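Participant: Have a look at this prediction, sequence included:
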Amino acid sequence: MRSRLRWAQRILSLGMTVTRAEFKERVHQLLQAWHPDHATATDPRSLELTQRILIARDIIDDYLVNYRYSLQDAEIDKYLSPREWFEKRFGDDP
């Protein structure tokens, strides 16, 4: 599974962390660039690259659908805004 995810990550040029919105936007960008119906330049590789993009999309989408998201405080706290972090740490004290 890991090697398939890494392959898909490379095909889609994704970082080590990605939101679902970023993932969907990246797939959209790549399909706009390479899909034979949308590509501005006629490139003989466009059909092959489109197929790879779609396979990579399916691999990552399947992972995201079946991944168990952590709702533990420690995980949520990693994504606090600076204001939320400050309030959590110091409360309402000015």
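Facilitator: Arrived safely, thanks for sending. A quick note: this is a predicted structure, and the numbers were derived from the prediction, not measured.
Participant: Does the residue nearest the centre of the chain lie in a helix or a strand, and which?
Facilitator: The centroid of the chain falls nearest to F23 when counting by Cα atoms, centre = their mean (3.1 Å). Element membership of F23, judged by DSSP states H and E, is helix 20-34.
Participant: Ok, R89 next?
Facilitator: Using DSSP H and E, R89 maps to helix 82-90.
Participant: Contact partners for the residue nearest to the centre of the chain?
Facilitator: 12, 14, 60-61, 64 (Cβ atoms under 8 Å, 6 or more residues apart in numbering). All C-beta spots, glycine's among them, are computed from the backbone N, C-alpha and C.
Participant: so how far is P36 from T42?
Facilitator: Separation of T42 from P36 (Cβ to Cβ, to the nearest Å): 8 Å.
Participant: cool, I55 as well?
Facilitator: 16 Å.
Participant: ok, the two, which is more surrounded?
Facilitator: Comparing I55 with P36 by other Cβ atoms under 10 Å, the one with more neighbours is I55, at 14 against 11.
Participant: Let me know the pLDDT of that one.
Facilitator: Here, the pLDDT recorded for I55 equals 97.
Participant: quick one: contacts for it?
Facilitator: By Cβ under 8 Å, 6+ apart, I55 lies in contact with 8, 11.
Participant: low-scoring stretches of this structure, by residue?
Facilitator: 39-41, 93-94 (pLDDT under 70).
Participant: So what angle separates the directions of the helix or strand harbouring Q51 and helix 20-34?
Facilitator: Element membership of Q51 [criterion: DSSP H and E] is helix 46-66. Using axes from the mean of the first three to the mean of the last three Cα atoms, to 10 degrees, one finds that helix 46-66 and helix 20-34 are set 170 degrees apart in direction.
Participant: Understood, closing this out.
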